[in-house]
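Enquirer: quick one, fold the following:
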Amino acid sequence: MKQTTSHSFLYRNSLSIVLFILAVLPFGGQVITGWKEHHSFLQQSHLPAVSLSGYLTTGHFLQTTFENWESEFFQMALFVILTIFLRQKGSSESKDLDKPEDCDREPKDHTDAPWPVKRGGWVLSIYKHSLSLALIFLFLISFVLHWFGSWKDYNLHQQVDGKPVEAMIAYLGNNRFWFESFQNWQSEFMSIFMLIVLSIYLRQKGSPQSKAVDDPNYKTGE
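Expert: Residues are numbered from 1 along each chain as shown. Next comes the predicted model:
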(Lines give C-alpha, C1' and ligand atoms only; values in the text may rest on other atoms or scores of the structure.)
Protein backbone atom coordinates (compact mmCIF):
# COMPACT_ATOMS: atom_id res chain seq x y z
CA MET A 1 0.00 0.00 0.00
CA LYS A 2 1.35 3.41 -0.98
CA GLN A 3 2.03 5.93 1.77
CA THR A 4 -0.58 8.69 1.93
CA THR A 5 0.46 12.09 0.57
CA SER A 6 -2.61 14.04 1.70
CA HIS A 7 -0.97 15.43 4.85
CA SER A 8 1.43 18.36 4.99
CA PHE A 9 5.16 17.88 5.64
CA LEU A 10 4.81 19.37 9.13
CA TYR A 11 1.94 17.05 10.04
CA ARG A 12 3.78 13.98 8.77
CA ASN A 13 6.96 14.86 10.67
CA SER A 14 5.64 16.85 13.64
CA LEU A 15 6.86 14.42 16.31
CA SER A 16 10.49 14.39 15.15
CA ILE A 17 10.47 18.15 14.48
CA VAL A 18 9.18 19.03 17.95
CA LEU A 19 11.57 16.60 19.66
CA PHE A 20 14.48 17.99 17.63
CA ILE A 21 13.58 21.53 18.73
CA LEU A 22 13.26 20.36 22.33
CA ALA A 23 16.77 18.90 22.03
CA VAL A 24 18.35 21.90 20.30
CA LEU A 25 17.04 24.60 22.64
CA PRO A 26 18.39 23.04 25.86
CA PHE A 27 21.61 22.21 24.02
CA GLY A 28 22.03 25.90 23.22
CA GLY A 29 21.36 26.72 26.85
CA GLN A 30 23.93 24.12 27.91
CA VAL A 31 26.59 25.62 25.62
CA ILE A 32 26.07 29.19 26.85
CA THR A 33 25.80 28.40 30.56
CA GLY A 34 28.61 25.85 30.38
CA TRP A 35 30.85 28.38 28.65
CA LYS A 36 30.16 30.94 31.38
CA GLU A 37 30.80 28.40 34.12
CA HIS A 38 34.07 27.31 32.47
CA HIS A 39 35.03 30.97 32.00
CA SER A 40 34.62 31.54 35.74
CA PHE A 41 36.87 28.57 36.47
CA LEU A 42 39.54 29.87 34.07
CA GLN A 43 39.37 33.33 35.65
CA GLN A 44 39.74 31.96 39.17
CA SER A 45 42.65 29.81 38.02
CA HIS A 46 44.34 32.76 36.24
CA LEU A 47 44.15 30.98 32.88
CA PRO A 48 43.37 32.62 29.53
CA ALA A 49 39.71 32.77 28.56
CA VAL A 50 38.31 30.78 25.63
CA SER A 51 35.84 31.97 23.03
CA LEU A 52 32.39 30.44 22.73
CA SER A 53 33.48 28.46 19.66
CA GLY A 54 36.69 27.45 21.43
CA TYR A 55 34.66 26.17 24.36
CA LEU A 56 33.19 23.48 22.08
CA THR A 57 36.57 21.72 22.00
CA THR A 58 37.24 21.89 25.74
CA GLY A 59 37.12 18.86 27.99
CA HIS A 60 34.43 20.56 30.06
CA PHE A 61 32.03 20.69 27.10
CA LEU A 62 32.90 17.26 25.67
CA GLN A 63 32.58 15.55 29.03
CA THR A 64 29.23 17.06 30.02
CA THR A 65 27.72 16.53 26.57
CA PHE A 66 28.82 13.00 25.76
CA GLU A 67 28.46 11.47 29.20
CA ASN A 68 24.73 12.13 28.74
CA TRP A 69 24.56 11.03 25.11
CA GLU A 70 26.49 7.88 26.01
CA SER A 71 23.92 6.81 28.60
CA GLU A 72 20.99 7.56 26.29
CA PHE A 73 22.33 5.45 23.43
CA PHE A 74 23.40 2.67 25.82
CA GLN A 75 19.92 2.51 27.30
CA MET A 76 18.19 2.54 23.90
CA ALA A 77 20.53 -0.07 22.41
CA LEU A 78 20.04 -2.49 25.29
CA PHE A 79 16.29 -1.87 25.39
CA VAL A 80 15.95 -2.65 21.68
CA ILE A 81 18.01 -5.84 22.08
CA LEU A 82 16.48 -7.06 25.37
CA THR A 83 12.91 -6.68 24.10
CA ILE A 84 13.73 -9.27 21.43
CA PHE A 85 14.10 -11.99 24.06
CA LEU A 86 12.59 -10.78 27.34
CA ARG A 87 8.95 -10.20 28.30
CA GLN A 88 6.97 -8.29 30.91
CA LYS A 89 3.40 -9.42 31.40
CA GLY A 90 0.97 -6.53 31.15
CA SER A 91 3.44 -3.96 29.80
CA SER A 92 2.79 -2.06 26.59
CA GLU A 93 6.57 -2.07 26.03
CA SER A 94 6.76 -5.87 25.81
CA LYS A 95 5.91 -8.36 23.09
CA ASP A 96 3.10 -10.85 23.70
CA LEU A 97 4.06 -13.71 26.01
CA ASP A 98 2.77 -16.46 23.72
CA LYS A 99 2.08 -15.53 20.11
CA PRO A 100 4.66 -14.29 17.58
CA GLU A 101 4.38 -10.67 16.50
CA ASP A 102 4.79 -8.88 13.18
CA CYS A 103 8.30 -7.73 14.07
CA ASP A 104 9.40 -11.40 14.32
CA ARG A 105 8.52 -12.44 10.78
CA GLU A 106 11.11 -12.71 8.03
CA PRO A 107 11.08 -9.76 5.59
CA LYS A 108 9.43 -10.18 2.19
CA ASP A 109 10.17 -8.29 -1.00
CA HIS A 110 7.20 -6.18 -2.11
CA THR A 111 6.60 -2.91 -3.93
CA ASP A 112 7.11 -0.59 -0.95
CA ALA A 113 9.83 -2.62 0.78
CA PRO A 114 13.06 -0.70 1.66
CA TRP A 115 15.89 -1.21 -0.83
CA PRO A 116 17.95 -3.51 1.47
CA VAL A 117 15.02 -5.95 1.47
CA LYS A 118 14.97 -5.88 -2.33
CA ARG A 119 18.77 -6.28 -2.46
CA GLY A 120 18.84 -9.26 -0.09
CA GLY A 121 21.99 -11.14 0.86
CA TRP A 122 24.48 -9.62 3.29
CA VAL A 123 22.89 -6.18 2.88
CA LEU A 124 19.59 -7.52 4.21
CA SER A 125 21.38 -9.44 6.98
CA ILE A 126 22.87 -6.17 8.26
CA TYR A 127 19.65 -4.22 7.70
CA LYS A 128 17.69 -6.67 9.87
CA HIS A 129 19.83 -5.57 12.82
CA SER A 130 20.59 -2.01 11.68
CA LEU A 131 18.71 -0.25 14.48
CA SER A 132 20.60 -1.95 17.31
CA LEU A 133 23.90 -1.69 15.38
CA ALA A 134 23.42 2.04 14.86
CA LEU A 135 22.60 2.61 18.54
CA ILE A 136 25.63 0.56 19.64
CA PHE A 137 27.84 2.56 17.27
CA LEU A 138 26.47 5.86 18.63
CA PHE A 139 27.04 4.61 22.18
CA LEU A 140 30.67 3.69 21.42
CA ILE A 141 31.36 7.05 19.73
CA SER A 142 29.80 8.91 22.67
CA PHE A 143 31.71 6.76 25.17
CA VAL A 144 35.04 7.57 23.53
CA LEU A 145 34.26 11.30 23.33
CA HIS A 146 33.12 11.30 26.96
CA TRP A 147 36.35 9.52 27.92
CA PHE A 148 38.46 12.00 25.95
CA GLY A 149 36.62 15.07 27.26
CA SER A 150 36.63 13.91 30.86
CA TRP A 151 40.34 13.11 30.62
CA LYS A 152 41.10 16.60 29.24
CA ASP A 153 39.08 18.30 31.94
CA TYR A 154 40.59 16.14 34.69
CA ASN A 155 44.13 16.93 33.57
CA LEU A 156 43.34 20.64 33.37
CA HIS A 157 42.25 20.59 37.02
CA GLN A 158 45.31 18.53 37.93
CA GLN A 159 47.57 21.13 36.31
CA VAL A 160 45.81 23.99 38.09
CA ASP A 161 46.29 22.19 41.42
CA GLY A 162 49.93 21.41 40.65
CA LYS A 163 49.30 17.66 40.57
CA PRO A 164 50.55 15.08 38.03
CA VAL A 165 48.46 14.45 34.93
CA GLU A 166 47.30 11.01 33.75
CA ALA A 167 47.74 9.30 30.41
CA MET A 168 44.45 8.82 28.57
CA ILE A 169 44.58 5.03 28.77
CA ALA A 170 45.32 5.18 32.52
CA TYR A 171 42.34 7.48 33.01
CA LEU A 172 40.06 4.55 32.11
CA GLY A 173 40.71 3.30 35.64
CA ASN A 174 39.91 6.63 37.27
CA ASN A 175 36.95 6.64 39.66
CA ARG A 176 35.85 10.08 38.43
CA PHE A 177 35.29 8.79 34.88
CA TRP A 178 33.22 5.79 35.97
CA PHE A 179 31.27 7.86 38.50
CA GLU A 180 30.22 10.13 35.61
CA SER A 181 29.12 7.10 33.59
CA PHE A 182 27.38 5.13 36.31
CA GLN A 183 25.33 8.06 37.61
CA ASN A 184 23.88 8.52 34.12
CA TRP A 185 23.46 4.85 33.30
CA GLN A 186 21.45 4.14 36.45
CA SER A 187 19.08 7.03 35.80
CA GLU A 188 18.43 5.91 32.22
CA PHE A 189 17.68 2.31 33.17
CA MET A 190 15.55 3.44 36.10
CA SER A 191 13.44 5.60 33.77
CA ILE A 192 12.86 2.79 31.27
CA PHE A 193 12.13 0.37 34.14
CA MET A 194 9.48 2.77 35.44
CA LEU A 195 7.94 3.13 31.97
CA ILE A 196 7.72 -0.65 31.57
CA VAL A 197 6.15 -1.19 34.99
CA LEU A 198 3.85 1.85 35.02
CA SER A 199 2.46 0.96 31.58
CA ILE A 200 1.02 -2.22 33.15
CA TYR A 201 -1.35 -0.25 35.37
CA LEU A 202 -1.53 3.30 33.99
CA ARG A 203 -2.82 4.64 30.67
CA GLN A 204 -2.45 7.66 28.40
CA LYS A 205 -5.25 8.00 25.92
CA GLY A 206 -3.95 8.71 22.43
CA SER A 207 -0.36 7.60 23.00
CA PRO A 208 1.04 4.55 21.16
CA GLN A 209 3.26 4.01 24.20
CA SER A 210 0.17 3.08 26.21
CA LYS A 211 -2.41 0.34 26.00
CA ALA A 212 -6.01 1.35 25.31
CA VAL A 213 -7.65 2.87 28.38
CA ASP A 214 -10.13 -0.03 28.73
CA ASP A 215 -7.51 -2.80 28.26
CA PRO A 216 -7.08 -5.11 31.27
CA ASN A 217 -3.84 -4.85 33.22
CA TYR A 218 -2.75 -8.32 32.12
CA LYS A 219 -2.80 -7.43 28.43
CA THR A 220 0.76 -7.42 27.12
CA GLY A 221 1.79 -5.13 24.26
CA GLU A 222 0.14 -2.06 22.80
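Enquirer: and Leu10, how many neighbours does it have?
Expert: 9 (other Cβ atoms under 10 Å). Any C-beta I mention is one placed from the backbone N, CA and C, and that applies to glycine too.
Enquirer: that one and Glu106: what is the separation?
Expert: 36 Å (Cβ to Cβ, to the nearest Å).
Enquirer: now Asp153
Expert: Counting by Cβ to Cβ - Asp153 and Glu106 are separated by 48 Å.
Enquirer: which one's more surrounded, those two?
Expert: Asp153 (20 against 6).
Enquirer: now do the contacts for the closest residue to that one other than its chain neighbours.
Expert: The shortest distance from Asp153 to any non-neighbouring residue, by Cβ to Cβ, 6 or more residues apart in numbering, is to Gly59 (3.3 Å). Going by Cβ atoms under 8 Å, 6 or more residues apart in numbering, Gly59 touches Phe148, Gly149, Ser150, Trp151, Lys152, Asp153, Tyr154, Asn155, Leu156.
Enquirer: go again using 10 Å as the cut-off
Expert: By Cβ atoms under 10 Å, 6 or more residues apart in numbering, the residues touching Gly59 are His38, Phe148, Gly149, Ser150, Trp151, Lys152, Asp153, Tyr154, Asn155, Leu156, His157.
Enquirer: the fifth one against Gly173, yeah?
Expert: Meaning Trp151. No: at 11.5 Å, Trp151 does not count as touching Gly173 under the criterion of Cβ atoms under 10 Å.
Enquirer: state the pLDDT value of Gln209.
Expert: pLDDT recorded at Gln209 is 88.
Enquirer: what about the helices in this structure?
Expert: In the chain, the segments counted as helices under DSSP state H are 9-12, 14-44, 52-55, 59-85, 115-119, 121-127, 130-160, 168-171, 175-201.
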